[in-house]
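Here you go, sequence then predicted model.
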Amino acid sequence: MRLPKPILPFIFIFFSISISKGQTIRLDKTALAGLVSEETVNVIFAYNELTFDVTYIPEEEYLKEIHEKIARRSNPKAAYDWQRDFKKGKEEDFPKAFVAILNEELKDHDKVPTFILGATNSNYTLVVHTHWMNFGWDIGAVKQPTKARMTLYFYRTNDPVNFISKTEIRNAEGLVSDSRYGNGLGPLPSLASLQHVYERVAPNLAKGLKRIVK
């Protein structure tokens with residue numbers, strides 16, 4: 001889904017943070033106090049103006065380049081399959097993994113609502129807006145983990161242009177050394193490692209939510 005375009009002026013609480021290895025997500029307790037009385041929160045994943053790598057290549061251009069690269073090093077079918085799986089990852093796998101871990105981390109806290117994809121009847125909505133990705137590399141002695149930058153927005157569902165909370169997450173990392181994520185993939189960028197970025201962000205968001213509902 002696409003992130004609703006904000007119309008100025010809008011009111012938000014802004015926090016800029018960097019997450020790489022379990023760093024803290026700080027949320028504003030006053031702005032999000034209303035979550036305590038809620039049973040559910042709607043969750044949307046957005047990828048507006050997504051760019052890649054250190055040169056910030058636009059998504060359309062990056063996908064064309066990676067398709068050619070995979071087709072050249074492997075075969076056209078592998079290139080097609082990767083793009084199909086990447087699209088599915090963005091639309092299904094990454095959001096589901098994020099929400100599942102977030103709710104698992106929150107399950108013992110009765111004051112925290114359940115986060116549900118597509119729960120448009122909820123009073124509050126969380127948008128996970130990813131705007132940059134880098135798949136990193138693994139060439140033996142030199143490794144670079146997959147990274148992503150994203151913004152977490154909270155807004156009242158009936159007022160999507162006025163964010164009540166906006167949190168920047170810079171350089172959230174996935175794993176590269178774990179055999180599930182970085183090894184034996186040849187020319188294919190690891191979608192599992194990218195998914196792990198969201199799997200690592202979710203517990204940190206859970207910790208921030210627990211602090212605001214104490």
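Nice, I can see it.

For the protein, which segments are assigned as strands?
Using DSSP state E, the strands of the chain run over residues 14-18, 40-46, 51-52, 57-58, 114-117, 124-134, 137-138, 143-144, 147-156, 163-173.

and the first one, what's its mean pLDDT?
In this model, strand 14-18 carries a mean pLDDT of 38.

and if you look at the second one?
Mean pLDDT, taken over the full extent of strand 40-46, equals 98.

Can you tell me what sits against that strand?
Residues from elsewhere that reach strand 40-46 (C-beta atoms under 8 Å, 6 or more residues apart in numbering): 1-3, 35, 90-91, 94-95, 98-99, 113-122, 124-130, 157. Just so you know, the C-beta spots here come from the backbone N, C-alpha and C atoms, and that holds for glycine as well.

so how far is Ala71 from the nearest residue to His67 once chain neighbours are set aside?
In this structure, His67 finds its nearest non-sequential neighbour in Ala79, 4.6 Å apart by C-beta to C-beta, 6 or more residues apart in numbering. In this view, Ala79 and Ala71 are 4 Å apart by C-beta to C-beta, to the nearest Å.

Settle it for me: which of the two has more neighbours?
Between Ala79 and Ala71, counted using other C-beta atoms under 10 Å, the more crowded position is Ala79 (21 against 16).

Report the inter-axis angle for the longest helix anywhere in the chain versus strand 163-173.
Counting by DSSP state H, the longest helix found in the chain is helix 191-212. Going by axes from the mean of the first three to the mean of the last three C-alpha atoms, to 10 degrees, helix 191-212 is angled at 140 degrees with respect to strand 163-173.

Give me the mean pLDDT for helix 191-212.
The model assigns helix 191-212 a mean pLDDT of 93.

how about that helix: buried residues?
By 16 or more other C-beta atoms under 10 Å, the buried positions in helix 191-212 come out as 191-206, 208-210, 212.

what do you get for stretch 55-70?
For stretch 55-70, a neighbour-count test (16+ other C-beta under 10 Å) marks Ile57, Glu59, Tyr62, Leu63, Ile66, His67, Ile70 as buried.

Check stretch 84-102 too.
Buried residues in stretch 84-102 (16+ other C-beta under 10 Å): Phe86, Gly89, Lys90, Asp93, Phe94, Pro95, Ala97, Phe98, Val99, Ile101, Leu102.

Tabulate the buried residues of stretch 55-70 (a markdown table), appending pLDDT.
Compiled in a markdown table, the buried residues of stretch 55-70 are given as follows (pLDDT from 0 to 100):
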| residue | pLDDT |
| --- | --- |
| Ile57 | 97 |
| Glu59 | 98 |
| Tyr62 | 96 |
| Leu63 | 97 |
| Ile66 | 93 |
| His67 | 94 |
| Ile70 | 90 |
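
Check these against Tyr153 and report the nearest one.
Ranked by distance to Tyr153 (C-beta to C-beta), these are led by Glu59 at 19.9 Å.

which residue sits closest to that closest one, ignoring its sequence neighbours?
Leu50 (4.4 Å).
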